[in-house]
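J.: Sequence first, predicted coordinates after that:
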Amino acid sequence: MSGLGLPPELASIRKNESSCLVLLRDGTWFVTWSQGSSEGALDEKIVCATSRDLGRTWSEPRIIVTSTAEWRRSYGCPFVVPGSGRIYLFLHEGRQHGHGLHRLDVAVDAGRFAFLFSDDDGVTWSEIFQLPMFDRDILIFPDRFHAHLNHPPQLMPGGRVVLPFTQHMRNGATRRFWQLCWSESSLIECENLLTQRDPVKLRFSILPPGTHGLRADVLRHGDNSAVRRLAAAFGGRPVELAANAQEPTVVALSDGRWVCVMRTYLGSPGFSVSEDEGCNWTPVERLRYRPDGAFIDHPHTMCPLAKLPDGRFILLFTNNDGTRNGAEHVWDGGNRTRSPQWFVIGREVPGEPRNAGLVFGEPCILCEASDEESPDGFRASTCTGISMPQYFSAAGRHFVQYGLKKEYILLDEIPADVIDAMTPADPGC
């Protein structure tokens, strides 16, 4: 589709982003994503589709839930309950802009987490149920919070289910530019999701408990060149940047420790380690290729860490600290910091506390995007390029799905022999 002034029924499917893929009981691929005429448009909705042939062909998209005049519903994260096959979809419902409300008003996107579910593989869905509110220092409103979801709930050892999320201050709450605002990462534990079918009896708690989540303390990194460049680009100084750690993924090591990896302002992915299943975490530090090695370069964009079926790890990142491809800072966006998409394979070093005990091999480019604009000048948002990648395995094979310019969702396979060749041979330090 190209051309300005598209009919509404076509314009409303132009933006496609934030896809999450899970496997149903019979091996069917089930994917959800956010669709609309642009990011933040009043017509945003969450849709789904299925594939029964390893992603070669797909069903027509089906609408799960739509935004309303009151609530924005644009990002959803599915989870399939082992055994029953029930699909849960978790989402954030935020206050909708419009009706005279300025888009930078602090009330915009203030809302709540909610969920709905399907017992027929996504054909029909329940009503929407709200999750409890969790009191955090970062809250602006006592009964609503600014937050977003990007990754499906993770099934951790021992049957614990945790939903990673980002909570943040709204534009204008402390500064005009949200890129300098305070954000933190947390986990919602879905305590009885695997055993309780009555939605009103589901129990949820927050990790880490207490008044705040995981934050990358910028003041501890005041001499970081990436921090200085970002502050200068938005009219601030490093001391004025707030603690920021967003879009977390969490995996478990073989010794029971949990590792959380997040995007930060620091020019690298940030990581934190918990030795007590999410209750307490180490300070957020920059991730390295090995405990005594170089920092992994990465801007302020998603950098998921996932575990391969055999216990190895894959990190998806863009290998740019805000200085490459003409980028001026870690939030330069587009193809300057979000293309190419890189990946690297890692493994554990038993008993090594540094760098979360992880050692990574040499990185490799997964895909690269053209920096050409759409013929009609369409932009889904101010930041495009390649974004929101997700690794998953199916039928003994390895795949990555990702968004391109927030308009298309693409799927690549990584051959097993490539992953083997990229695995560091010597886990020693």
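T.: Now that the structure is in, tell me what you want to look at.

J.: For the stretch 101-250 of the chain, which segments count as helices?
T.: For the stretch 101-250 of the chain, the helices defined by DSSP state H, counting those that start in this stretch cover 225-233.

J.: where in it is pLDDT low?
T.: Flagging of the stretch 101-250 of the chain using pLDDT under 70 yields the residue ranges 170-176, 222, 240.

J.: change it to 80
T.: Within the stretch 101-250 of the chain, the ranges that satisfy pLDDT under 80 run 101-105, 170-181, 218-223, 235-242.

J.: residues in contact with residue 286?
T.: 221, 264, 266-271, 295-296 (C-beta atoms under 8 Å, 6 or more residues apart in numbering). Heads up, the C-betas are built off the backbone N, CA and C, glycines and all.

J.: Which of those sits closest to residue 324?
T.: Closest to residue 324 out of the contacts of residue 286 is residue 267 (11.0 Å), distances taken as C-beta to C-beta.

J.: So that closest one: helix, strand or coil?
T.: Secondary structure for residue 267, judged by DSSP: H, G, I helix; E, B strand; the rest coil, is coil.

J.: OK, contacts around it?
T.: When contacts are counted by C-beta under 8 Å, 6+ apart, residue 267 touches 224-227, 286, 295, 297-299, 321-322, 330.

J.: Just the buried residues out of the residues you listed, in PyMOL syntax.
T.: Restricted to buried positions by 16 or more other C-beta atoms under 10 Å, the PyMOL selection for those reads:
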select buried, resi 224+226+227+286+295+297+298+299+321+322+330
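
J.: just checking, which of the contacts of residue 267 belong to strands?
T.: If you go by DSSP state E, the contacts of residue 267 have residue 286 in strands.

J.: For residue 139, state which of the contacts of residue 267 is nearest.
T.: Nearest to residue 139 among the contacts of residue 267: residue 227, at 25.5 Å, using C-beta to C-beta.

J.: that older thread, out of the contacts of residue 286, which is most surrounded?
T.: In terms of neighbour count, residue 264 stands highest of the contacts of residue 286 at 33 neighbours, by other C-beta atoms under 10 Å.

J.: In contact with that residue, which residues?
T.: Residue 264 makes contact with 216, 244-246, 270, 284, 286, 300, according to C-beta under 8 Å, 6+ apart.

J.: most neighbours, which of those residues?
T.: For those, the largest neighbour count, defined by other C-beta under 10 Å, is 30 neighbours, found at residue 216.

J.: got the contact list for that one?
T.: Neighbour list for residue 216: 243-245, 262, 264-266, 270, 284 [criterion: C-beta under 8 Å, 6+ apart].

J.: do the same with residue 60
T.: Residue 60 neighbours (C-beta under 8 Å, 6+ apart): residue 49.

J.: just the strands in the stretch 151-300 of the chain please.
T.: Listed in chain order, the strands of the stretch 151-300 of the chain (DSSP state E, counting those that start in this stretch) span 154-156, 160-168, 183-190, 204-207, 246-252, 258-263, 270-274, 285-286.

J.: Tabulate those in JSON lines, adding columns for distance to residue 365.
T.: Formatted as JSON lines, these follow (distance: least, C-beta to C-beta, whole Å):
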{"stretch": "strand 154-156", "distance to residue 365": "27"}
{"stretch": "strand 160-168", "distance to residue 365": "26"}
{"stretch": "strand 183-190", "distance to residue 365": "27"}
{"stretch": "strand 204-207", "distance to residue 365": "35"}
{"stretch": "strand 246-252", "distance to residue 365": "21"}
{"stretch": "strand 258-263", "distance to residue 365": "19"}
{"stretch": "strand 270-274", "distance to residue 365": "23"}
{"stretch": "strand 285-286", "distance to residue 365": "22"}
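
J.: Deepest-packed of the ones you listed, please.
T.: strand 258-263 (a mean of 28; mean count of other C-beta atoms under 10 Å).

J.: Helices of the stretch 251-400 of the chain, residue ranges please.
T.: Along the stretch 251-400 of the chain, the stretches classed as helices by DSSP H, counting those that start in this stretch are 334-337.

J.: okay, who's weakest in the contacts of residue 286 by pLDDT?
T.: Within these, residue 221 has the lowest pLDDT, namely 73.

J.: Residue 345 contacts residue 311, correct?
T.: No: in this structure, residue 345 is not within contact of residue 311 by C-beta atoms under 8 Å, at 11.6 Å.

J.: which one of those two has more residues nearby?
T.: Comparing residue 345 with residue 311 by neighbour count (other C-beta under 10 Å), the higher total belongs to residue 345, at 23 against 10.

J.: Grab the nearest non-local neighbour of that one.
T.: Once flanking residues are discounted, residue 345 sits nearest to residue 422: 4.3 Å by C-beta to C-beta, 6 or more residues apart in numbering.

J.: repeat for residue 418
T.: Closest residue to residue 418 apart from its sequence neighbours, by C-beta to C-beta, 6+ apart: residue 364 at 7.3 Å.

J.: what's the pLDDT at the one you found?
T.: 97.

J.: so who does it touch?
T.: 342-344, 418, 422.

J.: Identify, from the residues you listed, the entry nearest to residue 196.
T.: Distance to residue 196, by C-beta to C-beta, is smallest for residue 343 among the contacts of residue 364, at 37.0 Å.

J.: burial of the closest residue to residue 348 other than its chain neighbours, as a residue count?
T.: Leaving out its chain neighbours, the residue that sits closest to residue 348 by C-beta to C-beta, 6+ apart is residue 357, at 5.3 Å. When neighbours are counted by other C-beta under 10 Å, residue 357 registers 22.

J.: This completes my enquiry, with thanks.
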